[in-house]
Each structure stands twice: as structure tokens, then as C-alpha cells.
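*Asks:* structure for this input, please:
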Amino acid sequence: MNTTIGKVLGIALRPARAEPMREVTEARAFEGGALEGDHGKGGKRGITLLSAVQWADVVSRMGFDLPWHARRANVLIDAPTLEHLVGKTIAIGEVRVKIHNITYPCSHIDEMEPGLLHALSGEGRGGVYGAILNDGVVRVGDEVRKIETERRRDEETE
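*Replies:* Numbering: from 1, shown residues only. Down below sits the predicted model:
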């Protein structure tokens, strides 16, 4: 059984660590790696996801508009929150992702936008990160689903 979380509203890549993010309409994901064109490390931090609803709260706290990728996340999802997905596997279109933890922004984010670190603090507003489990393409408009694992038959009889 799969539970719908939301839809992909945006995708952004950062070609190098200090370079600005650039929005794209799709990106190839690599198992155990990152999104093609992103300088991400791969592994447990292969992709970062951000809730559009929580980003709207951050912008409200800031008192002025900022593009969502100012957070330096890869995928913006039309969902109220994402922190409940920690430890779960999700599908973004055809790409499966194991969500490992909440993303806690570092103090360097304030160098780009003073006050952003404080506005992102608490309640998972910084988003979540996870490992890419299979090759595929992530596209704007893709449905995001939590993948429910089925219990094995022998577990049901214990």
C-alpha cells in the first residue's frame, strides 16, 4: 500500500558548493549517489527535500520573499511537513528514496541570507535528506508517495 504525500513543485541543483542553485524541470538520480548536475555527496545525503508549506512559514518569518532553493534543497514538495518520513522509504515518481534524517541547516546559510538559520530552526522546517535507492528521473509534477512495506506471511502467524 502506498500513501500519497504530495507532488514535486520544483527541482534545483547546485553545480558546486558555493555556486547558486539552478532550477530544472527534471534530474536524473543515481542509486547510492546524487542528482546529476548536483555536487551532492551521495550516500545517506544523496537528495534533500523541502516542504512547500513549511517554506511558506519560513518566508513569513523572514518578512520578505525568498526563492525556495535559498534553502539549498534539491526538491520542493507540495506537502505540509516531511519530518514524519524519517526512517521511511518514499517514491518520487520512479525514484525510491530512504529518508534518513531531518536537515539541520548550518550557520553558513546566514552568510547567504541573514536570519534564515533562525527562521528554519525547529519543527523540521529545514527539510529532510535521504539516500537514492535506484536510478531514475525525478520530474516536476511527479507524485511523491510513502511506500508501505508489506508484512511477511510468517510474521503474521507469530
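
*Asks:* CA only for contacts and neighbour counts going forward, please
*Replies:* OK.

*Asks:* can you show me the strands along this structure?
*Replies:* With DSSP state E, the ranges of strands along the chain come out as 2-13, 22-24, 26-29, 47-51, 75-77, 89-92, 95-102, 128-132, 136-139, 143-147.

*Asks:* can these go into TSV with extra columns for mean neighbour count and distance to Asp65?
*Replies:* Output for the strands of the chain, formatted as TSV (neighbours: other CA atoms under 10 Å; distance: least, CA to CA, whole Å):
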stretch	mean neighbour count	distance to Asp65
strand 2-13	20	16
strand 22-24	14	17
strand 26-29	19	24
strand 47-51	26	16
strand 75-77	26	16
strand 89-92	22	27
strand 95-102	22	23
strand 128-132	26	22
strand 136-139	20	25
strand 143-147	20	26
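
*Asks:* export those to a markdown table and tack on mean pLDDT?
*Replies:* Shown next, in a markdown table, are these (pLDDT from 0 to 100):
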| stretch | mean pLDDT |
| --- | --- |
| strand 2-13 | 96 |
| strand 22-24 | 97 |
| strand 26-29 | 98 |
| strand 47-51 | 97 |
| strand 75-77 | 98 |
| strand 89-92 | 98 |
| strand 95-102 | 97 |
| strand 128-132 | 97 |
| strand 136-139 | 98 |
| strand 143-147 | 97 |
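
*Asks:* in contact with the one residue sitting closest to the centre of the chain, which residues?
*Replies:* Geometric centre of the chain, nearest residue: Leu49, 0.9 Å, by CA atoms, centre = their mean. For Leu49, the contact set (CA atoms under 8 Å, 6 or more residues apart in numbering) comprises 73-77, 82, 127-129.

*Asks:* re the thing from before, got CSV for the strands of the chain, with distance to Leu117 too?
*Replies:* As requested, these are exported to CSV (distance: least, CA to CA, whole Å):
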stretch, distance to Leu117
strand 2-13, 20
strand 22-24, 21
strand 26-29, 27
strand 47-51, 15
strand 75-77, 18
strand 89-92, 27
strand 95-102, 14
strand 128-132, 15
strand 136-139, 28
strand 143-147, 27
